[in-house]
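> I need the structure of the sequence given here:
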Amino acid sequence: MQTFATKKAVIAYSKQMDWSGADIDRAFKGLKAPVDEMTVLNLMVRFAGPELLNRQKLQAAQKAQV
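Numbers count the residues shown, from 1 in each chain. Reported below is the predicted structural model:
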């Protein structure tokens, strides 16, 4: 298991998984390093689930207006 000494390392790790800068900022707001890989992945999953659902709802609403 990997340990990230800085938030910059967490950001680099997230970008390797094609996360956008804005999503990274929102998912890791208030994150204090050092953190382990499991903590980072847990934060990513907890952010991605609700965020994806919200984006799908917004997209459906936009399609309904067209």
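> Please name every helix or strand in contact with the longest helix along the chain.
Secondary structure of the chain read by DSSP state H shows that its longest helix is helix 37-65. Secondary structure elements in contact with helix 37-65, counted by 3 or more Cβ pairs under 8 Å, 6 or more residues apart in numbering; DSSP states H and E, are strand 3-4, helix 7-16, helix 21-27. Backbone N, C-alpha and C define where each C-beta goes, glycine included.
> Contacts only, for the closest residue to residue 2 other than its chain neighbours.
When the adjacent residues along the chain are set aside, residue 2 lies closest to residue 37, with 4.3 Å between them (Cβ to Cβ, 6 or more residues apart in numbering). Residue 37 sits next to 1-4, 13 when contact means Cβ atoms under 8 Å, 6 or more residues apart in numbering.
> So residue 37 versus residue 22, what's the distance?
Using Cβ to Cβ, to the nearest Å, residue 37 is found at 22 Å from residue 22.
> do residue 1 as well
As it turns out, when the distance is counted by Cβ to Cβ, residue 1 lies 27 Å from residue 22.
> Now the closest residue to residue 5 other than its chain neighbours: phi and psi?
Sequence neighbours aside, residue 34 is the residue nearest to residue 5 in space, at 5.0 Å (criterion: Cβ to Cβ, 6+ apart). In this entry, residue 34 is assigned phi and psi values of phi -80, psi 150 (degrees, to the nearest 10).
> Assess the claim that residue 34 and residue 7 are in contact.
No - taking contact to mean Cβ atoms under 8 Å, the distance of 9.7 Å between residue 34 and residue 7 leaves them out of contact.
> out of the two, which sits in the more crowded spot?
Set side by side, residue 34 and residue 7 show unequal neighbour counts under other Cβ atoms under 10 Å, the larger going to residue 7 at 15 against 12.
> ok so, going back, same list (the helices and strands packed on helix 37-65) but as CSV, adding distance to residue 47 and mean pLDDT.
Output for the helices and strands packed on helix 37-65, formatted as CSV (distance: least, Cβ to Cβ, whole Å; pLDDT from 0 to 100):
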stretch, distance to residue 47, mean pLDDT
strand 3-4, 16, 94
helix 7-16, 10, 95
helix 21-27, 4, 89
